[in-house]
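Undergrad: Just a sequence and a predicted model for now, questions to come.
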Amino acid sequence: MSAQLIYVLNIVILHGKEAYGMTRKCKKCGEVYDVGILKYIKSLWRGKMIFRCETCEELVNWKRDEDINQINENSFSFNKCNVKCYDNRLYDWIYKKIIDQNEYCELRLRGNIIYHCFPADLKEDYLVCRKDEYDPNIKYGTHRIGDIEKRIPLNYIVGIEIIDVYKDYFEPDVKEPVFGFKGIEVVDGILKAKDYIYELGIPYEEPQRIRPHKDYQDVYSHFCIRIEDVLSHRDFITSPIAFSEGKGRSNQRLFEVKAEGHCFENTTNGWVSNKLTVIREVTKEEIIEYFNQSQKLKLIVEKFLESRNSKYEEIWSKYAKADIRPYRQFLSDNEIDEMIVKICVFNKSDVCIQDYSKLKFEICEQCSYYKHAMEYKKKRHCYLTIRNTIRKGAFNKENKNYEYLLEHNFRSELEAVNRLLEYT
Ligand SMILES: [Zn+2]
């Protein structure tokens, strides 16, 4: 092309733009684009002043050219779809499976292009995509939803796959153990929190849960860094008082804990860990000393007790005087039997068939009130007895108590036995 011709064309185009205003807003997508002189004239000629950008034009054609034969080859499953041609099922699938769930996706585009993003909206047949703000240095390198990055015309998409990238990604363990405190209920001599059974000195480990996909309320061991933060979750002051007086069923105690593994602050002042070791009980004397340290701490307890309708001064003197014995991790077989038999509401009543000089759980099993009053204690009796057997090195899988746990599928107890076997 000669320089002169280029010069002439430039003049025409520039003047044309000025004269006709050939940039137009696309009627469909709203983008401002250059119409092009030929198209502009064509539109004028037809008397239809509807301007669509080239991409939108393609989209309109794509939707019009629905192919009955090809449509059978399209597929939509729970985590992926393949689209060879326009298919109205695609819209519903994208909304329900991806947009509503904030899923992270791999898009296969025409021309073998792969694009990863978080699709956030569907507008005028464009998939609005937010970018994946993956950064190994930010928040342990989890994939996070970023700003809008691209708008992809639906006809460019050949396939979508929802990928659970979090599944393949594991957050590193905390470099140093985190030390804190945890309120734990002592139930029949066993340290329990929900379905978790703890043993002093044995880590309670769980597989790592995928952070953005999990509510940590029901998994992982919870703990706090400061003693006062535990109080609102576990009342380790008034509950042991009531328990020591034979009132109240809950015996909450405070323990020092070591957290390792996947460990982070989950709520304000609330921490979680998938590897928590209960180290030791914080004694009554230590608790009193701790809260007496400062006016601020005293105030926290005062407020808490008020919320429970207890008076501050009274409680402290009651607490100091109460016969709150430290938690004893190990009991002999006889002590276990005695402790559990004594819990029975019929103990020492006329119907009780025990020999009081030597209380035995197996006697309870012969009692006609057993099913009603004591059977639910059997799994704890089994667990504590197995624990002693393991400590003596005399455990094998034919153990009767173990068979009972297996038979009834008491998962918490069975898992706790496995931990004992692993760490004893
Ligand atoms: Zn457009």
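TA: Structure's in. What do you need?
Undergrad: Tell me the backbone dihedrals of residue 263, please.
TA: phi -140, psi 130 (degrees, to the nearest 10).
Undergrad: Got phi/psi on the closest residue to it other than its chain neighbours?
TA: Nearest in space to residue 263, with sequence neighbours left out and distances taken as C-beta to C-beta, 6 or more residues apart in numbering, is residue 273 at 3.9 Å. (Each C-beta comes from the backbone N, C-alpha and C, glycine too.) With angles defined as degrees, to the nearest 10, residue 273 shows backbone torsions of phi -150, psi 150.
Undergrad: who's residue 273 bridged to?
TA: Applying DSSP bridges to residue 273 gives these bridge partners: residue 221, residue 263.
Undergrad: did I read that right, residue 182 in a strand?
TA: Yes: checked against DSSP: H, G, I helix; E, B strand; the rest coil, residue 182 lies within a strand.
Undergrad: That one reaches residue 221, doesn't it?
TA: Yes: taking contact to mean C-beta atoms under 8 Å, the distance of 7.2 Å between residue 182 and residue 221 places them in contact.
Undergrad: Is there a neighbour count for residue 42? I'd like the number.
TA: Residue neighbour count, defined by other C-beta atoms under 10 Å, stands at 12 for residue 42.
Undergrad: right, and the secondary structure at it would be what?
TA: Residue 42 ends up helix, using three-state DSSP.
Undergrad: and residue 122, which of the three is it?
TA: Under three-state DSSP, residue 122 comes out as strand.
Undergrad: Check residue 393 too.
TA: Classification of residue 393 into helix, strand or coil gives coil, according to three-state DSSP.
Undergrad: And the helices in the stretch 101-250 of the chain?
TA: Counting by DSSP state H, counting those that start in this stretch, the stretch 101-250 of the chain has these helices, from start to end: 165-168, 227-231, 238-244.
Undergrad: hmm, back to that, got any residues that touch both of residue 182 and residue 221?
TA: A shared contact of residue 182 and residue 221, defined by C-beta atoms under 8 Å, 6 or more residues apart in numbering, is any residue touching both; here these are 193, 257, 276.
Undergrad: per-residue pLDDT, the last one?
TA: Going back to what we said before, that points to residue 276. pLDDT for residue 276: 98.
Undergrad: Against residue 221, how distant is it?
TA: For residue 276, the distance to residue 221 under the criterion C-beta to C-beta, to the nearest Å works out to 4 Å.
Undergrad: Need the overlap of contacts for these two.
TA: Common neighbours of residue 276 and residue 221 (criterion: C-beta under 8 Å, 6+ apart): 182, 204, 257, 259.
Undergrad: For those, give me TSV that also has distance to residue 240, neighbour count and pLDDT.
TA: Output for the shared contacts of residue 276 and residue 221, formatted as TSV (distance: C-beta to C-beta, whole Å; neighbours: other C-beta atoms under 10 Å; pLDDT from 0 to 100):
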residue	distance to residue 240	neighbour count	pLDDT
182	15	27	98
204	23	22	97
257	18	25	98
259	24	26	98
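Undergrad: Which members of those residues are positioned in strands?
TA: With strands taken from DSSP state E, the overlap with the shared contacts of residue 276 and residue 221 comprises 182, 204, 257, 259.
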